[in-house]
Structures are given as structure tokens and as C-alpha cells.
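S.K.: Model the following, please.
(one chain, ligands or ions: 1)
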Amino acid sequence: KDFRNNVKPNWCPGCGDFSVQAAIQRAAANVGIEPTDLAVISGIGCSGRISGYIHSYGFHGIHGRALPIAQGLKMANRDLNIIASGGDGDGFAIGMGHTIHAIRRNIDITYIVMDNQIYGLTKGQTSPRSAAGFKTKSTPGGAIEPSLAPLEMALTSGATFVAQGFSSDLKELTSIIEAGINHKGFSFINVFSPCVTYNKINTYDWFKERITKLSTVEGYDPSNRPQAMATLMEHESLVTGIIYQNNEQPSYQEMVSGYAETPLSTEDLMMSERDFDNLVKEFM
Ligand code: SF4
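M.R.: Presented below is the predicted three-dimensional model:
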């Protein structure tokens, strides 16, 4: 199965988003699905382009709204594997309300955030993930707000799958996304995906010097939520791997009465021209 298409990405050379694209393509192939079994839904930002770079169904949505579209699609067609994606500005600023509610809803989709701690598409402004003191052209005195902690936010919002990857470690990132696709519920995956053009602080080397892989932490148990939170605190969230997974909680779909019996995608929704005209008249 080949999830590559012939569209050439127009990301800057070295952008971390290339690895996220490759990891999604490899993970989808590894779990054994077909391109017609996958839909990639994205928001706005450099990261938002990803839905056009993968051989699957795709939808490039509006800013911060990848998750509502992805959830609607999953409810209409339960047979599709859905990956929603976007940047930290997209998901943690304008889209944050959707992010928290999708997490607590536990609907069976995989959400990948390409976290570069800056707005890249608009040429480098502070994002909710920029650290306090982070300077840009539009904040020359440095950000005065502290940075958001997405993994802790996900854990306290009731997430059943929380993971973090790094663009420089394609093998681990692929296996995390694979686990996310296989998870029966909402999978929240934050990826350190450096913006090589506008973020000169949080570079590949910056992360390499600081990241701890959870696979090297003795006795780490991803089913232990208090341990997950304590480990994040201890390492200032600079860890990669599956941080927390709960396989016991039913997904949203499993709890919706009638969902499995009558998927919308199998119903004949074609409307005659006359019925359509009558419907329009009702609203005139
Ligand atoms: Fe990637 Fe930054 Fe270039 Fe956007 S501006 S494509 S995030 S390196």
C-alpha cells in the first residue's frame, strides 16, 4: 500500500513536517489499511498542507476546525480511519475549545499536532506553545505569557491515549502513530516538529539535548496515569513515547445508541429536485 502521491510539498527544506508526513504514510501502511480507508483532515498553517500530501481522502479545513470536521466524518462513516492534524497555533489557540471536547468525548480518531512553538505560515509570531521570553519580530520584548502544556492538558481533560514524538526520530514517531490509529478512542499525539525558518531557539539540536525517551525510563507503565503526570513534571514534558493509554474506556461511538447499526454513509441521501425546492421553500 502506497500512501505517497505526486504532490511536492512546499515546506521549507528541513521543516519537521516532512517527517510527520512520512510517519503517517508508513504507519498507515503498517496497520494494513488501504488509501481508501483513510481520511486526513487538517486545519490552517504550514502543517495544514499535509492533507494534500498523502494519498488518501483529504480535507483542508479552516483555522482551528479540523477536529469538528473529523468528528463529523467519523460519525457519518465509521469505516474510515480518520487522522486530524494541525499546528500548535491551530489546535491550542483558535481550536482549543474543540481540542478539549474531542479529547473528553473519546471519539475514535487520531489527532496529530505539529508543535513548532511558533506561527510559521504567517512568518513567525508567538504561539500558545512559545516559552515566556521568546522573541519574535512582533514581540521584540519577548512573550510575557507562559507556554501551554498540551500533554498535561490532555491528561486532565480525560484523554485515553496521550503520546509525544519528535520529527528527528522517524522510527519512534511511526510506531506512535501506528498505536494511535489502532487505539479505540481519541489518540492525542503531540510532535516536536521544528520550524527551521522562524524558530531559531527550539531547533533539532535543542530537542536532542533535552528529550528523554520513555522507553529508556525503567519501570515506566503507560497505564499508570499518576505516574504519567509525575514523569511529565519531572522531565518538563520533554519526553517521547506513549505517555498514557487507557484501553478500558469505551469510545464515544460505542456509547451512541444505534450508531453501529445505521451508519449515515450507507443511507441513500439523494434528494429529488422537487423535494429540494420544497425544503428551500420552508425556509423562505
Ligand atoms: Fe516549516 Fe517553518 Fe517553513 Fe512553515 S515556515 S514550512 S513551519 S520551516
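S.K.: In contact with Ala27, which residues?
M.R.: Listed by C-beta atoms under 8 Å, 6 or more residues apart in numbering, the contact partners of Ala27 are Thr174, Ser175, Ile177, Glu178, Gly180, Ile181. The way it works is simple: take the backbone N, C-alpha and C, and place the C-beta from them, glycine included.
S.K.: Which strand residues bridge the most centrally placed residue in the chain?
M.R.: By C-alpha atoms, centre = their mean, the chain has its centre lying nearest to Ile112, at 1.8 Å. Beta-bridge partners for Ile112, by DSSP bridges, are Ser85, Ile189.
S.K.: ok now do it, which residues does it touch?
M.R.: Applying C-beta under 8 Å, 6+ apart to Ile112 gives the contacts Val20, Ile24, Ile83, Ala84, Ser85, Ile177, Gly180, Ile189, Val191.
S.K.: Repeat the analysis, applying 10 Å as the threshold.
M.R.: Counting by C-beta atoms under 10 Å, 6 or more residues apart in numbering, Ile112 makes contact with 20, 23-24, 40, 42, 47, 50, 66, 83-86, 91, 163, 165, 173, 176-177, 180, 187-191, 193.
S.K.: Keep only those of the residues you listed that are in strands.
M.R.: 40, 42, 83-86, 163, 165, 187-191 (DSSP state E).
S.K.: Make TSV out of these and add neighbour count and pLDDT.
M.R.: Formatted as TSV, the ones in strands among the contacts of Ile112 follow (neighbours: other C-beta atoms under 10 Å; pLDDT from 0 to 100):
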residue	neighbour count	pLDDT
Val40	28	98
Ser42	29	98
Ile83	29	98
Ala84	33	98
Ser85	30	98
Gly86	30	96
Ala163	31	98
Gly165	27	98
Ser187	28	98
Phe188	28	98
Ile189	28	98
Asn190	25	98
Val191	27	98
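S.K.: May I ask which two of these are separated the most?
M.R.: Using C-beta to C-beta, these span at most 19.0 Å, a distance reached by Ser42 and Ala163.
S.K.: Assign a three-state SS to Gly64, would you?
M.R.: The three-state label given to Gly64 by DSSP: H, G, I helix; E, B strand; the rest coil is coil.
S.K.: follow-up on the earlier one: closest to the ligand among the contacts of Ala27?
M.R.: Ile177 (19.0 Å; C-beta to the nearest ligand atom).
S.K.: right, and that closest one touches Ser187 too?
M.R.: Yes - between Ile177 and Ser187 there is a contact under C-beta atoms under 10 Å: 8.5 Å.
S.K.: what's the overlap in contacts for the two?
M.R.: Common neighbours of Ile177 and Ser187, counting by C-beta under 10 Å, 6+ apart, are Ile83, Thr110, Ile112, Ala163.
S.K.: Quick one: name the residues of the protein near the ligand.
M.R.: Within the chain, the positions adjacent to the ligand are Trp11, Cys12, Cys15, Asp17, Cys46, Asn116, Gly120, Leu121, Cys195, Val196, Thr197, Tyr198 by C-beta under 6 Å from any ligand atom.
S.K.: out of the residues you listed, which are inside helices?
M.R.: Counting by DSSP state H, those place Asp17 in helices.
S.K.: ranking the residues of the chain next to the ligand by neighbours, who comes first?
M.R.: Tallying neighbours with other C-beta atoms under 10 Å puts Asn116 at the head of the residues of the chain next to the ligand, with 30 neighbours.
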